[in-house]
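1. here you go, sequence then predicted model.
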Amino acid sequence: MQAETRIRDATASDVDPIAELYRAVGRAGGGLARTPEEVTIAYVSDFVEAARHGGVDLVAETSDGTIAGEIHAYPIGPAALAHVLGQLTVAVHPDWQGRGVGRALFRALLDRVERDFPHVVRVELKARETNSRAIGMYESLGFQKEGRMVNRVRLGDGSLDADIPMAWHRPGSPA
């Protein structure tokens, strides 16, 4: 993975390629809640901007400049939650899945949080219960399951899936 992609901060000029990435992941199915039609430039611009102001937004870029993956997380609201980064989403292009891109993005995000965000003690995400591969990876990175949100996500076939809230806690922080 290291020789094929590099992790860098996302920029405003990455909005269009990130939108294309999210649409490709949406067409492949299974990972993102949004359909390809719901991935608008406004949606991507909003999370890129939110992450650039108080959060983290990273891309995995190939040697030819293609965005193979993206991860972002940012503060979720009021001062009482200033120690939390949420809205975490990761997307890896279907052609790059299973090649370590997602894990590298997560490690880079968590390293950045540990180094540059001493006030952040918790990073949150939600994963579809049926996405056991992703849940296993998140657990291997230190995320813990914190419940089960029954019938939260409607799948493309009309069935319902549970969301599993998970959180990473800064090592040494009170649990």
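-> Done, it's in.
2. hmm, residue 91 is touching residue 25, no?
-> Yes. Proximity of residue 91 to residue 25 meets the contact threshold set by CB atoms under 8 Å, at 4.6 Å. Glycine gets a C-beta too; all of them are placed from N, C-alpha and C.
3. which one's more surrounded, the two?
-> residue 91 (26 against 23; other CB atoms under 10 Å).
4. sheet-wise, list the partners of the helix or strand hosting the more buried one with their directions.
-> Here residue 91 sits within strand 84-92, counting by DSSP states H and E. Each strand that strand 84-92 pairs with, and the sense of that pairing, follows from DSSP bridges: strand 67-75 (antiparallel), strand 122-128 (parallel).
5. pLDDT of the very next helix or strand once past it, averaged?
-> Scanning forward in sequence from strand 84-92, with DSSP H and E defining helices and strands, the next element found is helix 101-116. Mean pLDDT, helix 101-116: 97.
6. picking up where we left off before, shared neighbours of residue 91 and residue 25, anything?
-> Shared contacts of residue 91 and residue 25, defined by CB atoms under 8 Å, 6 or more residues apart in numbering, comprise 31, 32.
7. sec struct for residue 171, please.
-> coil (DSSP: H, G, I helix; E, B strand; the rest coil).
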